[in-house]
Structures are given as structure tokens and as C-alpha cells.
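Enquirer: sequence unknown, structure follows:
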Ligand SMILES: [Zn+2]
């Protein structure tokens, strides 16, 4: 369920890490995913927002953003 090295894919749409379309931090795959949460990585701002809203609706948002300075700005 949680992102493991061998199962790194977007937790919203399932896009595998390393695939075209995946957003990387500073645009470089070496830097890792640009978006993520405490549950896994996200491929794009759209999936990040979708995940955030779903977690908000579930009431399962972490008390603090998952160490992400990006897109989770609250
Ligand atoms: Zn996605």
C-alpha cells in the first residue's frame, strides 16, 4: 500500500515513476517526485490536489504536510 522502491507509482492515478508525464522535483528524475504525501508519491499537481481533497473529505489529512513545501501550502 505504501510506496516502496519497487512499487513507486502515483497513488491517485497509478502512473509509474519514471514514466513520461511524471513530475519530478525541479524537473529532474534524479531529484525524486515533485509531489507526495505521507501515503506515497503523486505524479502531478492535479493528482496532488485530488489526493489532498480526498484526504480532506475523509478527514485523514496528516496534522502537518508530509515534509512537502510544494502544493500542500496551507
Ligand atoms: Zn497521478
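Expert: Right, received. Where do you want to start? All values derive from a computational prediction rather than experimental measurement.
Enquirer: list the contacts for the residue sitting furthest away from the middle of the chain?
Expert: Most distant from the centre of the chain: residue 59, at 17.7 Å, with distances by CA atoms, centre = their mean. By CB atoms under 8 Å, 6 or more residues apart in numbering, no residues touch residue 59. Quick note: C-beta positions are derived from backbone N, CA and C, even for glycine.
Enquirer: where does it fall, phi/psi-wise?
Expert: phi 80, psi 20 (degrees, to the nearest 10).
Enquirer: and residue 53, how far is that from the ion?
Expert: According to CB to the ion, to the nearest Å, residue 53 and the ion sit 14 Å apart.
Enquirer: just to be sure, that residue is in a strand?
Expert: No. Assessed with DSSP: H, G, I helix; E, B strand; the rest coil, residue 53 is helix; it does not lie in a strand.
Enquirer: determine the number of other residues adjacent to the nearest residue to residue 30 once chain neighbours are set aside.
Expert: In space, residue 30 comes closest to residue 24 once its chain neighbours are excluded; the distance is 7.9 Å by CB to CB, 6 or more residues apart in numbering. Per other CB atoms under 10 Å, the neighbour tally for residue 24 reads 16.
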